[in-house]
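Asker: Fold the following and give me the result.
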Amino acid sequence: GGYYVKPTILKGNNSMRVFREEIFGPVICVTTFSTEEEALAIANDTIFGLGAGVFTRDAHQLYQIPRAISAGRVWANCYHLYPAHAPFGGFKKSGFGRECHKSTLEAYRQNKNIIVSYDKNKMGFF
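Answerer: Next comes the predicted model:
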């Protein structure tokens with residue numbers, strides 16, 4: 001029983017409910033932007049903050065953008081890698097606390113984990 005959704009790509013914007021909520025399934029939402037500022041505004045315009053991904057070949061963006069996104073884990077130039085030693089948990093309404101790390105005990109801080117790949121070849125699922 002239950003529901004099944006085939007892998008789906010949705011194109012739209014943040015006015016759509018599916019863009020603003022956490023979707024746990026084979027669904028990706030895609031939108032466009034013109035500037036870094038607009039991209040950050042779109043990324044942070046949600047009450048959730050479990051994970052995010054950034055892809056760029058600009059070293060300045062690779063350093064700055066993940067730090068400006070309000071998410072507990074930000075993948076940079078890779079996606080869905082889960083190092084066993086890295087803390088995991090969300091910001092905002094995406095969970096409480098951290099798992100898989102000594103920071104599990106540090107409930108009064110917000111840690112950010114940015115995973116960066118400098119490899120020019122594709123890694124993981126992308």
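Asker: Quickly find the element holding the residue nearest the centre of the chain.
Answerer: Nearest to the mean C-alpha position of the chain, by CA atoms, centre = their mean, lies residue 52 at 1.0 Å. Assigned by DSSP states H and E, residue 52 belongs to strand 51-54.
Asker: Name the next helix or strand downstream of that strand, please.
Answerer: As assigned by DSSP H and E, the chain's next helix or strand after strand 51-54 is helix 59-68.
Asker: CA atoms of the helix or strand following that next one as CSV?
Answerer: The helix or strand immediately downstream of helix 59-68 is strand 73-76, counting by DSSP H and E. Taking Å, rounded to 0.1, in the frame of the first residue of the first chain, the C-alpha atoms of strand 73-76 are listed here in CSV:
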residue,chain,number,x,y,z
ARG,A,73,24.2,20.5,5.4
VAL,A,74,25.3,22.1,2.2
TRP,A,75,26.9,20.0,-0.6
ALA,A,76,29.2,22.1,-2.8
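Asker: what lines up beside strand 73-76 in the sheet?
Answerer: strand 51-54 (parallel), strand 113-116 (parallel) (DSSP bridges).
Asker: Can you give the contact residues for the first one?
Answerer: Strand 51-54 is contacted from outside by 43, 61-62, 65-66, 69, 71-79, 90, using CB atoms under 8 Å, 6 or more residues apart in numbering. Placement of C-beta: from N, CA and C, glycine included.
Asker: now these: which count as buried?
Answerer: 43, 62, 65-66, 69, 71-79, 90 (16 or more other CB atoms under 10 Å).
Asker: Would you map the helices across the protein?
Answerer: Counting by DSSP state H, the chain has helices at residues 17-20, 36-44, 59-68.
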